[in-house]
Structure formats: structure tokens, C-alpha cells
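> here is my input, please return the structure:
(one chain, ligands or ions: 1)
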Amino acid sequence: MADDKLRSGVVKFLKTDLGIRKINFALPSAGSVFRLWPDAYKGVGEAISTEQIRLVQKQLPAGVGAQYDPGLDTLRLRIGFDINNKRDQAFLVHECTHAFFDIKNLGQHLKSSDEAAAYLAEAILLEAGSQPPLGTEQVRQVSHPIAKTVIKGQYWISDSDFKALSAAWARSEGADPKTMFNSNGLNTLSRSARPLIELTK
Ligand SMILES: [Zn+2]
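Residues are numbered from 1 along each chain as shown. Coordinates of the predicted model:
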């Protein structure tokens, strides 16, 4: 598990960071639920603070800063993760975008839609802090110019930009563009039961 200091740092970042205030867009071609706004990340921060989303620190593959598992409602951060590091913050925002759609309980949907939103959110955070892309992947090259337009106030992402993001994600990952993804909501029942068991000890 992650320690309390890391958890409180992550929650504070998600609730107060000025770069997150720039994440405000909709992907109408992906569906009406694919909208992000700053307070969406406050909701994820709240779920982490109440441990409805579990925060875990562990060894992750090289080049991976964070992972979100919608099945286990678990956010994994790399060993050495530093909430004050701009690069780690961008990995976190990417994964918290997946967490937000998990909270929304979307069910089965195209993974490319989730990833288009997550890569764009990541790029907005980086551009807001005058940071370069996290890597040279095509999806990161495509997302940054679109992120600049969002920071300038563009809210609706065009169908052509959405398709470019989705296609670039599939090429970057070597994934089938039709890959599905399941966001099944937070398993609040079993989590809220845990303190009761501890109280009866
Ligand atoms: Zn992702």
C-alpha cells in the first residue's frame, strides 16, 4: 500500500493543481459521457482519500509512471513516484482520467475513446506547465498540438482530431482499434464493509 504522506500529496494535487484547471474538453464523437473538467479530478481525489480507489506503490515496467486497474479500483504508482515531479504528475493525470470513467461506470466501450481522453488530458497538463511530451509515441505527438488549442479555450474536440488521437493510440500500442475496455464502477460495497470488520475486532 502507499503511505499516508503520498496519498495526501496525490489528493492535494488532484484537488488544487493549477494545470488541472486547464483540462476542460468534450469528445462528442466518442459519446456524450466523454467530457472532462477540473472538478472531475477532485472527484477522483476524493475517492482516493476515502480509499474507494486504492493507492499502491510498486515496481512498474520501464517508462511507466502509473497504472489504473478498473477491475480492482486500484491506482498503482511507480516506486520512486514524486508528486512534485512534472512527469510523474502527467502520468498520474492520465491514469486518473481512466479512474474518472471507471467512477462513471461506463461498462464496455472502445478503449481508444478512453485513451484519446487520457492522452489529451496528460498533454494539457504538460503544455500548461510548458513541459515536453512524456515520450515520442505517435499518440503523444498528435495530442500535444490539440492540447494547445484546449488551453486556448477550445472545448469541443473535432471528429477529425478525435479520429487522429484514436488511430495514433492504436498504432502506438500496436492495438486493434476495436479493442474494448470495461469501466465497471467502484466496488463501494466491499470497501465500506472493511472498517466495520475492523471495528468489531
Ligand atoms: Zn491510458
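
> quick one: low-confidence ranges for the protein?
1, 188-201 (pLDDT under 70).

> for it, just list every one of the strands.
Residue ranges of the strands in the chain, as given by DSSP state E, are 25-26, 35-36, 54-58, 66-69, 74-78, 107-110, 180-183.

> out of those strands, which is closest to the ion?
strand 66-69 (7.7 Å; CB to the ion). Backbone N, C-alpha and C define where each C-beta goes, glycine included.

> could the strands of the chain go into a markdown table alongside distance to the ion and mean neighbour count?
Formatted as a markdown table, those follow (distance: least, CB to the ion, whole Å; neighbours: other CB atoms under 10 Å):
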| stretch | distance to the ion | mean neighbour count |
| --- | --- | --- |
| strand 25-26 | 16 | 20 |
| strand 35-36 | 13 | 20 |
| strand 54-58 | 17 | 16 |
| strand 66-69 | 8 | 20 |
| strand 74-78 | 12 | 21 |
| strand 107-110 | 13 | 14 |
| strand 180-183 | 9 | 16 |
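
> need those strands in a markdown table with distance to Lys12, can you?
Compiled in a markdown table, the strands of the chain are given as follows (distance: least, CB to CB, whole Å):
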| stretch | distance to Lys12 |
| --- | --- |
| strand 25-26 | 24 |
| strand 35-36 | 20 |
| strand 54-58 | 13 |
| strand 66-69 | 17 |
| strand 74-78 | 15 |
| strand 107-110 | 31 |
| strand 180-183 | 25 |
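
> quick one: which of these is nearest Glu137?
Closest to Glu137 of those is strand 66-69 (CB to CB; 15.9 Å).

> now Ser166, nearest residue through space, not along the chain?
Excluding the flanking residues, the one nearest Ser166 by CB to CB, 6 or more residues apart in numbering is Ser112, at 3.9 Å.

> count of neighbours near the one you found?
Ser112 has 26 neighbouring residues, counting by other CB atoms under 10 Å.

> residues in contact with Glu127?
With contact taken as CB atoms under 8 Å, 6 or more residues apart in numbering, Glu127 is in contact with Lys22, His144, Ala147, Lys148, Ile151.

> narrow those residues to those that are buried.
When those are checked for burial by 16 or more other CB atoms under 10 Å, the buried set is Lys22, His144, Ala147.

> the first one and Ser113, how far apart?
Shown here: Lys22 relative to Ser113, a distance of 21 Å by CB to CB, to the nearest Å.

> good, wrapping up.
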